[in-house]
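In: Compute the structure for the input listed below.
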Amino acid sequence: MMQQIDMNSLEFKAEMDKTEVFIKKVNNQFNLVQNPNEEVNEGVTMGLARNKIIYGKRFCPCFMVIGETKEERKEADNRICPCKPALEKEIPEDGLCHCGIFCTAEYAESQKKKDEIEEVVHRHSKGLTQEQATTLLGKEQLDGDELEALLEARELKMIDFVLVDVREHMEYQMGHIVGTDILVPTSQFYAKVEEISDKKDTPIIVYCHTGSRSYQVQHAMKSLEFKQISNLQYGIISFNGNTQKG
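Out: Numbers count the residues shown, from 1 in each chain. Modelled structure (predicted):
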């Protein structure tokens, strides 16, 4: 049984403090800065602290941790923060690591300006026709605006789908997309997915923090014969629609 973490416990708060110190050390060591989006930073920090408590290592929270034992996890070569792919490829090429918490100063400044523009110009009503909504629902990889449009179309009863958050319980409590139907944490995937086993013929949309865990879940659900699975490609951090805590 996967260990449940109480975000209000002294143990978790202490580990959060240690993780924040760890993040500052990484920034100083590699001349990096944190993402201008504080929700990204908080979510990743919580995930790192959670993994440290459960596994004894700060495994990257944006990927499923593979392996039941220490030996199996070592053999699986799970990403440990700061991971080699981030330092050697993602940050030099993209300006930030996959989870988004570690950035170059240039990327952070550029993204801050883009976020300010996006906040001003973002259109909240997408106005899809039923035919457009049905076509869009058939895409395997969705962006944030497309999901927002589909949620609006569902609210207008043009289409139907199940929206699944595959992050962990603490991430869900911190903030999830309004309209999410069920939480299926990747750490408990095969047990929790049984709760929607009667929805194999209904379109499913899955999302996580950055799109990695949900991409893995997307393919796992296909292997379990769910007919139509879409993934929020860049995760909840790319979604500008309504979210809520709790």
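
In: and Arg58, how many neighbours?
Out: By other C-beta atoms under 10 Å, the residues close to Arg58 number 22. All C-beta atoms are positioned from the backbone trio N, CA, C, and that covers glycine.

In: Next: Thr202.
Out: Per other C-beta under 10 Å, the neighbour tally for Thr202 reads 13.

In: any idea how far Asn28 is from the nearest residue to it once chain neighbours are set aside?
Out: Closest residue in space to Thr202, ignoring its immediate chain neighbours: Val162 at 5.7 Å, by C-beta to C-beta, 6 or more residues apart in numbering. Distance of Val162 to Asn28, computed by C-beta to C-beta, to the nearest Å: 44 Å.

In: Those two - which one has more neighbours?
Out: Between Val162 and Asn28, counted using other C-beta under 10 Å, the more crowded position is Val162 (17 against 9).

In: wait, doesn't the more buried one sit right on Lys199?
Out: Yes. Between Val162 and Lys199 there is a contact at 5.4 Å, judged by C-beta atoms under 8 Å.

In: Who are the contact partners of the residue nearest the centre of the chain?
Out: What sits nearest the mean C-alpha location of the chain, by C-alpha atoms, centre = their mean, is His209, with 1.3 Å. By C-beta atoms under 8 Å, 6 or more residues apart in numbering, the residues touching His209 are 43-44, 47, 61-62, 99, 167, 171, 235-237.

In: Thr186 too?
Out: Applying C-beta under 8 Å, 6+ apart, we find Thr186 in contact with 64, 166-168, 208, 213, 216-217.

In: can you check Asn27 too?
Out: 33-34, 102.

In: where in this structure is pLDDT low?
Out: 1-3, 117-127 (pLDDT under 70).

In: can you give me the helices in it?
Out: For the chain, the helices defined by DSSP state H cover 10-30, 38-55, 70-75, 84-85, 91-94, 105-121, 130-137, 144-155, 169-174, 189-192, 212-223.

In: could I get those helices as a markdown table with distance to Ile204?
Out: Listed next are the helices of the chain as a markdown table, based on distance: least, C-beta to C-beta, whole Å:
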| stretch | distance to Ile204 |
| --- | --- |
| helix 10-30 | 31 |
| helix 38-55 | 23 |
| helix 70-75 | 28 |
| helix 84-85 | 28 |
| helix 91-94 | 29 |
| helix 105-121 | 28 |
| helix 130-137 | 10 |
| helix 144-155 | 12 |
| helix 169-174 | 17 |
| helix 189-192 | 13 |
| helix 212-223 | 7 |
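
In: between those helices, which gets nearest to Asn231?
Out: Proximity to Asn231 (C-beta to C-beta) singles out helix 212-223 among the helices of the chain, at 4.6 Å.
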